[in-house]
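**Student:** Return atomic coordinates for the entry below.
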Amino acid sequence: MPKKKWIILAAIIILFLLAYMSVEVVGNLEIRQIATEIKNKSPDEKTTILNLLEWEKLVMHPTWNEPYDFWTIFGRFFYPDNPSFIILTKRGHCGEYAALFNEIAKSVGIPSRRVRAPGNNHEWNEVMINGSWVHADSTLDSPSNFNHPDFYERQDGYNWKLSYIDYIDSKGDTQDITNNYTETGTLIVRVGRDGSPIRDAEVIIKKEAFEAINNYTDSDGIARFNLGGNNYSVIAEQDILLGRIIGYRNETVVGVEENSTRILTVYPTQLGLLTNFYAALLIVILIVSVLWYVIIIRKSKQLVKRRK
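**Tutor:** Residues are numbered from 1 along each chain as shown. Have a look, this model is predicted:
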């Protein structure tokens, strides 16, 4: 490649990196400014949170009905869960709402955490008010957006059946708080074959199209789950090759009742591709694409040299 083209390429890379880093700087400045404005007009912590909920509901553009929104997709690829990017675009799904709310709440000095309900494909927040964690959802209208954890299952709310709810603590560990939002039951899944338990089999619990939770069996071939009352698809997978890509699997439907225990025995017998196959396939496609690009570049250079 001629020297001039290398200079142009280097300049493009430098400009991209500067633009990428400037998002963090400019976004942080705006977050601090908004946090200061909200805190200055709020006499106490509860009012601060209510004002923050109102502000976010007003300025954010919801994109959950726009699955191919460019800025949401761009942000999840280049700036995943980055509040600085979110506050500049002011667009997103519930996850972006929760990430931005979390950052601003912490900026005004109020402890906040993101709460996930993966089986219902939703996220919200909880904030510490007077020593207690309180529900806060900036995607909802007032008064349901604050201290109304029952909204999701109420008939005049979303009328959902919540399945599993958690948050990730400061150590990176997942904490189950399903009981704070719904009545639960216990599902015990036993995985075995030929009378012997299977250790480290992956058990995936799905509610309709969404994965609610997964776990791995212990030495007795058992995985336990705390779930809201509902019907679930239970997938048990035992890998035999290439790290959970090829193996035995079995899928069945089971009902979990509130305040009761259900025991399910599963025998993975169907040989095939496991859940991780599609992620592995994507990685292989990317590697092959890069190798193909390198080969094409080399061949192009060889052709240029021959012509000279």
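**Student:** which SSE is Gly192 in?
**Tutor:** Taking DSSP states H and E as the definition, Gly192 sits inside strand 184-193.
**Student:** and the helix or strand that that strand is followed by, which strands flank it?
**Tutor:** Next helix or strand after strand 184-193 toward the C-terminus (DSSP H and E): strand 196-197. Sheet partners assigned to strand 196-197 using DSSP bridges are listed as strand 184-193 (antiparallel).
**Student:** which residues touch the partner strand?
**Tutor:** 178, 197-198, 201, 203, 205, 217, 220-229, 232, 234, 236, 238, 248, 254, 256-269 (Cβ atoms under 8 Å, 6 or more residues apart in numbering). (Each C-beta comes from the backbone N, C-alpha and C, glycine too.)
**Student:** ok, now stretch 77-94?
**Tutor:** Stretch 77-94 is contacted by residues 20, 23-28, 30-31, 34, 59-64, 69, 71-72, 75, 95-96, 99-100, 102-104, 122-124, 139 when judged by Cβ under 8 Å, 6+ apart.
**Student:** gap between that stretch and the chain center?
**Tutor:** 13 Å (Cα atoms, centre = their mean, to the nearest Å).
**Student:** cool, stretch 187-203 as well?
**Tutor:** 27 Å.
**Student:** one step back: any quick PyMOL command for the buried ones out of the contacts of stretch 77-94?
**Tutor:** Of the contacts of stretch 77-94, the buried ones go into a single PyMOL selection, burial set by 16 or more other Cβ atoms under 10 Å:
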select buried, resi 23+27+31+34+60+63+64+69+71+72+75+95+96+99+100+102+103+104+122+123+124+139
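**Student:** Which of the contacts of stretch 77-94 fall in helices?
**Tutor:** 20, 23-28, 30-31, 34, 59, 71-72, 75, 95-96, 99-100, 102-104 (DSSP state H).
**Student:** Dihedrals phi and psi, Asn82?
**Tutor:** phi -100, psi 110 (degrees, to the nearest 10).
**Student:** residues near it, how many?
**Tutor:** 19 (other Cβ atoms under 10 Å).
**Student:** how close does it get to Glu103?
**Tutor:** For Asn82, the distance to Glu103 (Cβ to Cβ, to the nearest Å) stands at 9 Å.
**Student:** With Asp194 instead?
**Tutor:** In terms of Cβ to Cβ, Asp194 sits 52 Å off from Glu103.
**Student:** got it, and Ile31?
**Tutor:** Taking Cβ to Cβ as the measure, Ile31 falls 6 Å from Glu103.
**Student:** How about Tyr20?
**Tutor:** For Tyr20, the distance to Glu103 - Cβ to Cβ - is 19 Å.
**Student:** do the same with Ala35
**Tutor:** For Ala35, the distance to Glu103 (Cβ to Cβ) stands at 9 Å.
**Student:** what is in contact with those two at once?
**Tutor:** With Cβ under 8 Å, 6+ apart, Ala35 and Glu103 have no common neighbours.
**Student:** can you list the domain ranges for this protein.
**Tutor:** Domain assignment for the chain, taken from automatic domain parsing, gives 22-180, 184-275, 281-308.
**Student:** From start to finish, how long is the first one in a straight line?
**Tutor:** Put plainly, it is domain 22-180. For domain 22-180, the first-to-last residue distance is 40 Å (Cα to Cα, to the nearest Å).
**Student:** Low-confidence stretches in this protein?
**Tutor:** The chain contains residues with pLDDT under 70 at 1-5, 241-244, 274-283, 297-308.
**Student:** What segments of this structure are helices?
**Tutor:** Going by DSSP H, the chain shows helices at 3-40, 45-59, 70-78, 83-89, 94-107, 277-307.
**Student:** can you pull the contacts of Ser219?
**Tutor:** Ser219 touches Pro197, Arg199, counting by Cβ under 8 Å, 6+ apart.
**Student:** next one: Ala99
**Tutor:** Asp81, Asn82, Pro83, Ile86, Arg114.
**Student:** how much space between Ser84 and Ile34?
**Tutor:** Using Cβ to Cβ, Ser84 is found at 12 Å from Ile34.
**Student:** how close does Ser112 sit to His148?
**Tutor:** In terms of Cβ to Cβ, Ser112 sits 17 Å off from His148.
**Student:** what's the answer for Ser219, then?
**Tutor:** Per Cβ to Cβ, Ser219 is found 43 Å from His148.
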